[in-house]
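Asker: only geometry, no sequence info:
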């Protein structure tokens with residue numbers, strides 16, 4: 001192993017520490033799972049040494065990642081989610097537009113901005129809520145949500161946290177576009 005002298009090494013050290021912390025693992029647990037000495041992992045995380053490819057492969061495997069996956073996560077993108085880089089998907093059947101405002105592997109929250117055209121609806125199955133908790137905040141307009149057979153009429157500024165996973169209907173039964181924000185937390 002060599003001394004870390006570049007920014008890529010610093011980013012990799014930070015990513016390894018972040019992956020370990022996200023799993024709640026002590027250094028000893030990562031060392032055992034990766035088959036790498038605890039002291040070596042400690043030096044890597046403190047940016048004292050740069051790991052070899054073999055050590056990186058072992059650490060990545062312990063995180064259930066490929067080496068490429070670990071390296072991609074280590075690339076510096078900055079913490080700011082720039083509007084120009086946010087993915088937007090539009091449902092061709094309804095015109096429903098979904099902007100991924102925030103989604104990072106190192107953060108437990110996701111933020112999604114949605115525009116629902118007039119007189120449209122989207123039905124999402126219970127399986128899409130299996131491993132998340134979410135809340136919907138209406139930014140502009142009126143949104144109806146039917147969750148497990150219960151109807152919720154939301155006006156501008158209203159917020160609804162979701163209950164246990166169930167089929168959910170998002171409905172705009174007005175003549176205007178409704179804009180809302182969905183905040184998701186992985187459970």
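Answerer: Sure, I can see it. All of these numbers come straight from a predicted model, not from anything done at the bench.

Asker: where is the longest helix in this protein?
Answerer: Longest helix in the chain by number of residues (criterion: DSSP state H): helix 7-23.

Asker: so which elements touch that helix?
Answerer: If you count contacts as 3 or more Cβ pairs under 8 Å, 6 or more residues apart in numbering; DSSP states H and E, helix 7-23 packs onto helix 38-45, helix 67-74. No exception for glycine: its C-beta is placed from N, CA and C like everyone else's.

Asker: which stretch among the ones you listed comes nearest residue 91?
Answerer: When those are compared by Cβ to Cβ, helix 67-74 sits nearest residue 91, at 28.4 Å.

Asker: hmm, back to that, give the buried residues for the longest helix of the chain.
Answerer: Within helix 7-23, the residues scored as buried using 16 or more other Cβ atoms under 10 Å are 9, 11, 12, 13, 15, 16, 17, 18, 19, 20.

Asker: next, format those as TSV and append distance to residue 79 and pLDDT.
Answerer: As requested, these are exported to TSV (distance: Cβ to Cβ, whole Å; pLDDT from 0 to 100):
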residue	distance to residue 79	pLDDT
9	20	78
11	13	83
12	17	87
13	17	90
15	14	89
16	18	94
17	16	93
18	12	90
19	17	91
20	19	94
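
Asker: nearest residue to residue 110 in space, please, no chain neighbours.
Answerer: Nearest-residue entry for residue 110: residue 184, 4.3 Å, with adjacent residues in sequence omitted and distances by Cβ to Cβ, 6 or more residues apart in numbering.
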